[in-house]
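Trainee: requesting a structural model of the entry that follows:
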Amino acid sequence: MTGLTESIESAQQLAVAWRAMVLDRDADADVRDLPGIAVRWADCRFSFFNCIALTDAGAGADLVAQRLSQAADIMRAKKHPGFLWLFEDLLDDEARTALATAAEQAGLQYAFPGTGMAGDLLPVPDPVHPDLTFVRVRTDEHLRAYADLQSRAYGFPLEEGRDGLVGSARWKSEVYAYLGMRGDVPVACAATVEAQGRLFVSFVATDPQWQRRGYGEAVTRKALHEGARATGLTRATLHATVAGAPVYPRIGFTPNSPIHFYYLKE
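Mentor: Predicted coordinates for the structure are as follows:
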């Protein structure tokens with residue numbers, strides 16, 4: 001794949017995977033596909049389930065400014081906050097130069113960076129970590145523990161992660177979601193799910209007090225191993241945070257587009 005092709009793939013994977021996730025959370029979620037904009041908004045307290053992404057490839061500065069303004073208007077109409085995802089490699093050079101100004105004029109505030117990644121890396125071996133056992137999310141208790149790990153890792157109140165995940169049947173069946181257990185304590189989690197012929201990795205998190213011990217990498221490998229074994233897929237994709245970006249290339253992922261996350265200014 002070329003760099004642009006992989007960046008387009010990365011944006012498409014977000015659109016496909018998030019559509020299923022937010023519809024699972026709320027059957028009436030806003031999942032419109034507008035020209036150049038994918039809306040994937042559950043409008044719940046878990047802000048990662050409230051998402052808009054720009055999808056034009058090779059967009060120029062004027063078009064990007066227009067899309068950002070339209071996306072911000074959509075976000076303002078929602079009850080709960082969320083994020084706009086912008087894949088930098090989908091912009092032309094002029095649009096990249098003008099991006100900061102265009103976002104500010106649209107009323108958007110830069111939140112944090114990410115990186116799209118992909119690789120034809122499956123299958124991967126079943127991982128072993130001396131501190132951990134792995135448990136697939138099958139019960140409400142497991143899913144609550146998974147949600148709480150998300151909240152702790154990202155500094156959210158526990159109720160926010162629970163509002164996104166608790167009560168889902170899909171997360172206990174179609175999603176290959178795993179907890180890394182240190183004894184009886186869940187310390188890390190990761191999930192994979194089939195998305196348009198790829199295994200999409202999502203919602204990797206480690207409890208802050210147990211970070212830098214290889215737990216996140218180990219549970220990600222477990223979710224990849226089991227997802228690939230169940231589906232037979234050979235290609236995997238993900239969107240990495242800064243914390244995860246050094247980890248995934250060790251598994252076999254190759255970075256593609258930088259991702260810019262924005263939220264509405266107060």
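Trainee: can you give the distance of the longest helix anywhere in the chain from its chain's centre?
Mentor: Among the elements of the chain assigned as helix by DSSP state H, the one spanning the most residues is helix 3-25. Averaging C-alpha coordinates over helix 3-25 and over its chain gives two centres that are 9 Å apart (Cα atoms, centre = their mean, to the nearest Å).
Trainee: and for stretch 199-217?
Mentor: Taking Cα atoms, centre = their mean, one finds stretch 199-217 lying 13 Å from the centre of the chain it belongs to.
Trainee: same question, stretch 148-156
Mentor: Averaging C-alpha coordinates over stretch 148-156 and over its chain gives two centres that are 14 Å apart (Cα atoms, centre = their mean).
Trainee: export that stretch to PDB, keeping only CA atoms.
Mentor: Taking only C-alpha atoms (Å, rounded to 0.1, in the frame of the first residue of the first chain), the coordinates of stretch 148-156 have been written out as PDB:
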ATOM      1  CA  ASP A 148     -13.100   1.300  34.600                       C
ATOM      2  CA  LEU A 149      -9.600   0.700  33.200                       C
ATOM      3  CA  GLN A 150     -10.500   3.000  30.300                       C
ATOM      4  CA  SER A 151     -11.600   5.700  32.800                       C
ATOM      5  CA  ARG A 152      -8.500   5.400  35.000                       C
ATOM      6  CA  ALA A 153      -6.100   5.400  32.000                       C
ATOM      7  CA  TYR A 154      -7.600   8.600  30.500                       C
ATOM      8  CA  GLY A 155      -8.500  10.400  33.700                       C
ATOM      9  CA  PHE A 156     -12.200  10.200  33.300                       C
END
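Trainee: buried residues in it?
Mentor: Buried positions in stretch 148-156, judged by neighbour count with 16 or more other Cβ atoms under 10 Å: 148-154, 156. For every residue, glycine as well, the C-beta is placed using N, CA and C.
Trainee: for those, give me CSV that also has distance to residue 3.
Mentor: Shown next, in CSV, are the buried residues of stretch 148-156 (distance: Cβ to Cβ, whole Å):
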residue, distance to residue 3
148, 37
149, 33
150, 31
151, 35
152, 35
153, 30
154, 29
156, 33
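Trainee: which one of those residues is nearest residue 16?
Mentor: Ranked by distance to residue 16 (Cβ to Cβ), the buried residues of stretch 148-156 are led by residue 150 at 20.8 Å.
Trainee: give the contact list for that closest one.
Mentor: 46, 48, 156, 161, 164-165, 189, 203, 205 (Cβ atoms under 8 Å, 6 or more residues apart in numbering).
Trainee: top of these by neighbour count?
Mentor: Each of the contacts of residue 150 was scored by neighbours using other Cβ atoms under 10 Å; the highest score is residue 189's, at 31 neighbours.
Trainee: can you check my assumption that that residue lies in a strand?
Mentor: Yes: secondary structure assignment places residue 189 in a strand (DSSP: H, G, I helix; E, B strand; the rest coil).
Trainee: one step back: chain center to the helix or strand that the longest helix of the chain is followed by, what's the gap?
Mentor: Past helix 3-25, heading to the C-terminal end, the next element that is a helix or strand (DSSP states H and E) is strand 33-34. Computed by Cα atoms, centre = their mean, the chain-centroid distance of strand 33-34 equals 19 Å.
Trainee: now do stretch 135-143
Mentor: Distance of stretch 135-143 from its chain centroid, counting by Cα atoms, centre = their mean, is 20 Å.
Trainee: that stretch - what's its average pLDDT?
Mentor: For stretch 135-143, mean pLDDT rounds to 98.
Trainee: okay, buried residues for it please.
Mentor: Applying 16+ other Cβ under 10 Å to stretch 135-143 flags 135-137, 142-143 as buried.
Trainee: picking up where we left off before, what helices or strands is the longest helix of the chain leaning on?
Mentor: Packing contacts for helix 3-25, counted by 3 or more Cβ pairs under 8 Å, 6 or more residues apart in numbering; DSSP states H and E, involve strand 37-41, strand 50-54, strand 83-87, strand 108-119, strand 185-195, strand 198-206, strand 236-240, strand 254-264.
Trainee: no further queries at this time; thank you.
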